[in-house]
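A.B. asks: Predicted structure and sequence below. I'll ask about it afterward.
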Amino acid sequence: MAGTDAQSGTTQEPSLKRVMGPGLLLLFVVGDILGTGIYALTGKVANEVGGAVWVPFLVAFLIALLTGMSYLELVTKYPHAAGAALYTHKAFGIQFLTFMVAFTVMSSGITSAATASRAFAANFAEAFELDLGTGIGITLIALAFMAVVAAINLRGVSESVKLNVLLTCVELTGLLIVIGIGLWALGFGNGDFGRITEFETGNRTALGGVIVATTLAFYAMVGFEDSVNMAEECKEPSRIFPKVLLSGLIITGTIYVLVSITAVALVPTDQLGAGDTPLLKVVEMGAPGFPTDIFAFITMFAVANSALINMLMASRLLYGMARQGVLPPPLGRVHQRRRTPYIAIAFTTVLALGLIAFVGEVPELGGTTALLLLAVFTVVNVAVLVLRRDTVSHKHFHTPTALPVIGAVACGFLVTPWTDRNPQQYTIAGVLLAIGVGLWALNHFAIRRLHTELPAEGARGPTTIELCDVRVDHDRSVRNRKMTTDQGIGNVSRDDQHGSPIP
């Protein structure tokens, strides 16, 4: 709650409301990972690797699990909003790198939410048999939907996560229907399990085909990293995150492998890879009388959940970085009654509305999102090793040292052109990063101007940015003193290393 600092006379911002326990957090993780990627990706992955379509999904799951272990150590060590950007800031203290990581993660979230909003509009029109084409009608529905998402987000995190529970259950039900129908049909002798071991990779080797397919399949696994941005709205995050995040990854990884095995065993790979609805072909072949129209509604709920979770993540990311002094302080303000970061929510909503209205569909967006996030995951895996020198007083998860090393190498490799990734993805990523550099310059100029103007007013005291700069210098000083104490010259207090948000 808001209060007044007795010494400075300044009003303190209220904290975010902690409402998420283990159950809600698990559904948040599962709902964010599942999304809608699996509905379209199964066929595309089959085109690259043939019947062994489950192998790239398994490899993508293992790489996500390695990076998830790094996130677990960091979120339990520093249980605050901002996620990867916060960890980058603490590990390297380079504001440009921190800003670019924050921009990359925010861009992936907002572009995914905008794309999900347009997909929601298209599925809405299909479900209710509206002849809207792809023009202004779809755009207006998408804009209205994003406005509803913003209203829910502003209303409170409790309302947002309760809606997430409902939407996650719906999208999970859709995938379980596919698995159930597929296994039922296979039990009666339909299909061919022998296809699941066949590699059809064209001119590539089997390994080369798996690598290319993994770059596609990895998009289905992204989302687990969003949950760490909700740390300040979780109850006892340092305690509940390890079991919850690992459980969420295992649940979704298992579902993906089962879906891919069922799909390729029941539907020949050439048919599975044709079109954009491979899982509907599984249902049509396994249960011809099943009303497939229901999947238009299931997909509509799934993309709605993707938009909701990504907008939650993006706003908390900006809030967390504003509290750390990397972004202007107003983005860190919290509504006195609703306990939500209302300015950050408004800002990210305006960006999403602009993308929906003026950008439309971007080709290779899914692959580009995965490419950018793999670069972020590489940084996070390195950051967890760098931050081993920073100790905290409370207990936290500790991942074996070998895992982030392997994770950094694997994620870094998947970023390179050696994976035979579509070159268009690098072009789109380059444009986005160039925009990020421009925004960093504007942000840097703005906060420097704020830094020079506020002292003249006399009554405000130091800004968040000033405190952040002092803190980075102080952290380095403490580390140097710690090295001295390890040589027997004394003990130095480390109370300021607990990851507490800057006042």
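C.D. replies: In hand now; what should we look at? Numbers count the residues shown, from 1 in each chain.
A.B. asks: Pretty sure Leu175 sits against Ile255.
C.D. replies: Yes: the pair Leu175 / Ile255 is scored as a contact, 5.6 Å apart, by C-beta atoms under 8 Å. C-beta coordinates here come from the backbone N, C-alpha and C atoms, glycine included.
A.B. asks: Name the residues contacting each of those two.
C.D. replies: Leu34, Ile38 (C-beta atoms under 8 Å, 6 or more residues apart in numbering).
A.B. asks: mind checking how far the lengthiest helix in the chain is from the chain centre?
C.D. replies: Ranked by residue count, the top helix of the chain under DSSP state H comes out as helix 423-457. Centroid displacement of helix 423-457 relative to its chain, using C-alpha atoms, centre = their mean, to the nearest Å, is 22 Å.
A.B. asks: Please apply the same query to stretch 199-219.
C.D. replies: 24 Å.
A.B. asks: Check the gap between Leu249 and Thr262 for me.
C.D. replies: 20 Å (C-beta to C-beta, to the nearest Å).
A.B. asks: For those two, indicate the residue with more neighbours.
C.D. replies: Each of Leu249 and Thr262 has its neighbours counted (other C-beta atoms under 10 Å); Thr262 has more, 27 against 23.
A.B. asks: Any idea how far the helix or strand hosting the more buried one is from the middle of the chain?
C.D. replies: Per DSSP states H and E, Thr262 falls inside helix 237-266. Counting by C-alpha atoms, centre = their mean, helix 237-266 is centred 16 Å from the centre of its parent chain.
A.B. asks: Per-residue confidence at Phe28, what does it come out as?
C.D. replies: If you check Phe28, the pLDDT there is 90.
A.B. asks: For the chain, give me the ranges with low pLDDT.
C.D. replies: The chain contains residues with pLDDT under 70 at 1-13, 36-37, 134, 276, 359-363, 450-451, 453-503.
A.B. asks: Contacts for stretch 288-302, please.
C.D. replies: Against stretch 288-302 from outside (C-beta under 8 Å, 6+ apart): 34-36, 39, 119-120, 123-124, 126-127, 167, 170-171, 173-174, 181, 277, 279-280, 283-284.
A.B. asks: ditto for stretch 266-273
C.D. replies: 42-44, 46-47, 50-51, 53, 182, 185-186, 190-191, 195, 198, 200, 263-264, 278, 281-282, 285-286.
A.B. asks: would you list every one of the helices in the stretch 251-400 of the chain?
C.D. replies: Using DSSP state H, counting those that start in this stretch, the helices found in the stretch 251-400 of the chain span residues 269-272, 278-286, 294-323, 342-354, 365-386.
A.B. asks: Render the CA-only coordinates of the fourth one in CSV, please.
C.D. replies: I take that to be helix 342-354. Below are the C-alpha coordinates for helix 342-354, written out as CSV (Å, rounded to 0.1, in the frame of the first residue of the first chain):
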residue,chain,number,x,y,z
TYR,A,342,-1.2,1.4,-15.0
ILE,A,343,1.2,3.6,-17.0
ALA,A,344,3.2,0.6,-18.2
ILE,A,345,-0.1,-1.1,-19.2
ALA,A,346,-1.3,2.0,-21.1
PHE,A,347,2.0,2.4,-22.9
THR,A,348,2.3,-1.3,-24.0
THR,A,349,-1.4,-1.2,-25.1
VAL,A,350,-0.8,1.8,-27.3
LEU,A,351,2.1,0.0,-29.0
ALA,A,352,0.0,-3.1,-29.5
LEU,A,353,-2.9,-1.1,-31.0
GLY,A,354,-0.5,0.6,-33.4
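A.B. asks: how about that helix: buried residues?
C.D. replies: By neighbour count on 16 or more other C-beta atoms under 10 Å, the buried set for helix 342-354 is Tyr342, Ile343, Ala344, Ile345, Phe347, Thr348, Thr349, Leu351, Ala352, Leu353.
A.B. asks: try stretch 130-141
C.D. replies: Leu132, Ile138, Thr139, Ile141.
A.B. asks: do stretch 280-297 as well
C.D. replies: Result for stretch 280-297 [16+ other C-beta under 10 Å]: buried residues Leu280, Lys281, Val282, Val283, Met285, Gly286, Ala287, Phe295, Ala296, Phe297.
A.B. asks: This protein: strands as residue ranges?
C.D. replies: 3-4, 11-12 (DSSP state E).
A.B. asks: buried set for stretch 227-241?
C.D. replies: In stretch 227-241, counting by 16+ other C-beta under 10 Å, buried: 227-234, 237-241.
A.B. asks: Show me the two of those residues that sit farthest apart.
C.D. replies: Asn229 and Arg239 (18.2 Å; C-beta to C-beta).
A.B. asks: my read: His80 touches Ala231, true?
C.D. replies: Yes: counting by C-beta under 8 Å, His80 touches Ala231, with 5.7 Å between them.
A.B. asks: related to what we said a few turns ago, so which of the buried residues of stretch 280-297 is the closest to Ser158?
C.D. replies: Nearest member of those to Ser158, counting by C-beta to C-beta, is Phe297, at 25.5 Å.
A.B. asks: Would you check how far apart the closest one and Asn123 are?
C.D. replies: For Phe297 relative to Asn123 (C-beta to C-beta), the value is 8 Å.
A.B. asks: Contacts only, for the nearest residue to Val178 once chain neighbours are set aside.
C.D. replies: Residue nearest to Val178 in three dimensions, not counting chain neighbours: Leu279, with 5.0 Å by C-beta to C-beta, 6 or more residues apart in numbering. The neighbours of Leu279, taking C-beta under 8 Å, 6+ apart as the test, are Ile38, Tyr39, Thr42, Val178, Val259, Ala263, Phe295.
A.B. asks: What of Ala84?
C.D. replies: Val101, Ala102, Val105, Glu225, Val228, Val376, Phe377, Val379, Val380.
A.B. asks: now those residues as JSON lines including distance to Met313?
C.D. replies: As requested, these are arranged in JSON lines below (distance: C-beta to C-beta, whole Å):
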{"residue": "Val101", "distance to Met313": "14"}
{"residue": "Ala102", "distance to Met313": "12"}
{"residue": "Val105", "distance to Met313": "8"}
{"residue": "Glu225", "distance to Met313": "9"}
{"residue": "Val228", "distance to Met313": "9"}
{"residue": "Val376", "distance to Met313": "13"}
{"residue": "Phe377", "distance to Met313": "15"}
{"residue": "Val379", "distance to Met313": "17"}
{"residue": "Val380", "distance to Met313": "15"}
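A.B. asks: Could you give the number of residues near Thr98?
C.D. replies: Every residue meeting other C-beta under 10 Å relative to Thr98 is counted, giving 27.
A.B. asks: do the same with Gly31
C.D. replies: There are 28 residues near Gly31, going by other C-beta under 10 Å.
A.B. asks: same deal with Ser15?
C.D. replies: Neighbours around Ser15, by other C-beta under 10 Å: 13.
A.B. asks: Contacts for stretch 59-66 next, please.
C.D. replies: Under C-beta under 8 Å, 6+ apart, the answer for stretch 59-66 is 210, 214, 217-218, 220-222, 224, 246, 249, 252-253, 256-257, 381, 403-404, 406-407, 410-411, 414.
A.B. asks: re the thing from before, now, among the buried residues of helix 342-354, which is nearest to Gly93?
C.D. replies: Once C-beta to C-beta is applied, the member of the buried residues of helix 342-354 that ends up nearest Gly93 is Ala344, at 23.1 Å.
A.B. asks: Isn't the closest one up against Tyr319?
C.D. replies: Yes: counting by C-beta under 8 Å, Ala344 touches Tyr319, with 4.6 Å between them.
A.B. asks: joint contacts of the two?
C.D. replies: Leu331, Gly332.
A.B. asks: Can you list phi and psi of Ala81 for me?
C.D. replies: Backbone geometry at Ala81, expressed as degrees, to the nearest 10, gives phi -70, psi 160.
A.B. asks: Thought Leu16 was touching it, still the case?
C.D. replies: Yes: Ala81 lies in contact with Leu16 (C-beta under 8 Å); the separation is 7.3 Å.
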